[in-house]
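Student: structure for the following, please:
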Amino acid sequence: MRMKLPEPDWDSVRKRIVGWLKDFFQRTGRVAVIGLSGGVDSAVTAALLSEALGPERVRALILPSASTPEKDVEDAKRVARLLGIEDVRVIDVEPALRAFDDLLKVDDRVVRGNTLARIRMTILYAVAHKDGIVVGTGDKSEFLLGYFTKCGDGCADVFPIGDLYKTWVRKLALHMGLPEDVALKPSSPRLWPGHLAEEELGFSYEVADVVLYNLVENGMRPQEIVERLGVDKEIVDRIIQRIKLNKHKLITPPIVKVTRRTAFEFVEEADALLT
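Tutor: As a prediction, the model looks like this:
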């Protein structure tokens, strides 16, 4: 592979996201509710929120299951302490997951893992019900690859780092002074024991981000990426296939149109009509 991602000005990126979050939360008047996993995405998101709102307006939930290593829980607590977030709750989600196991009786680890992600998001929304905004921690690489659970970690009210590639998130974490072992920790949704993102994907984020960046930002064709950048064709094909298969996760669910405008079409122009 003959190319790495260009690096933006990290201070400018940080200030842009922090400024946007400050304005967004001033308009809503609510607190931020975030799931802290002990990984880099949630750590960076929590750091940006703490800077934008003050740590007193950040509510952090740590939601381990039987698949969660104890170190992840300790890392999540350590990040919260470092950022000055005092409103931290640890909720064991394993009993809820076992209840679904008893109900569904499905012996499929992907189904069980997706159920776990949806249980976590249900808890975040329950805690946020009265005065909170659920803040998602997904990044651009995960969105493009479809590497998230629909109506699970792919569901939130705002995604502060959703336009940052995974390798950029790691660099931003180091720039912001977050612990190096958290910034560089192998990514994992921890949906089953030993679950690691790159093992499941079959390629590293370093390679994936080069492919994704050049597809999205530079408009390169897949074959160009193979020939000009030296990325293995099998990996490029696998990434393209993931984008195609998971496209449905990033688009508004279709409505069968009967009237002149669907509800989704109306709300796109509702602000102008309702003022």
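
Student: might you report the residue contacts of the nearest residue to residue 184 once chain neighbours are set aside?
Tutor: Residue nearest to residue 184 in three dimensions, not counting chain neighbours: residue 170, with 6.4 Å by C-beta to C-beta, 6 or more residues apart in numbering. Just so you know, the C-beta spots here come from the backbone N, C-alpha and C atoms, and that holds for glycine as well. Counting by C-beta atoms under 8 Å, 6 or more residues apart in numbering, residue 170 makes contact with 40, 183, 184.

Student: nearest to residue 117 among these?
Tutor: Taking C-beta to C-beta as the measure, residue 117 lies nearest residue 40 of the contacts of residue 170, at 17.7 Å.

Student: am I right that the residue nearest to residue 184 is in a helix?
Tutor: Yes: counting by DSSP: H, G, I helix; E, B strand; the rest coil, residue 170 falls inside a helix.

Student: residue 133 is in contact with residue 25, isn't it?
Tutor: Yes: between residue 133 and residue 25 there is a contact under C-beta atoms under 8 Å: 7.0 Å.

Student: shared neighbours, those two?
Tutor: Counting by C-beta under 8 Å, 6+ apart, the residues touching both residue 133 and residue 25 are residue 32.

Student: returning to that earlier point: roughly how far does the residue nearest to residue 184 sit from residue 269?
Tutor: Distance, residue 170 to residue 269, by C-beta to C-beta, to the nearest Å: 39 Å.

Student: in the stretch 1-150 of the chain, which spans are strands?
Tutor: 31-35, 58-62, 88-90, 132-135 (DSSP state E, counting those that start in this stretch).

Student: can I get those in JSON lines including mean neighbour count and distance to residue 191?
Tutor: Below are those laid out as JSON lines (neighbours: other C-beta atoms under 10 Å; distance: least, C-beta to C-beta, whole Å):
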{"stretch": "strand 31-35", "mean neighbour count": "25", "distance to residue 191": "14"}
{"stretch": "strand 58-62", "mean neighbour count": "24", "distance to residue 191": "16"}
{"stretch": "strand 88-90", "mean neighbour count": "14", "distance to residue 191": "19"}
{"stretch": "strand 132-135", "mean neighbour count": "22", "distance to residue 191": "19"}
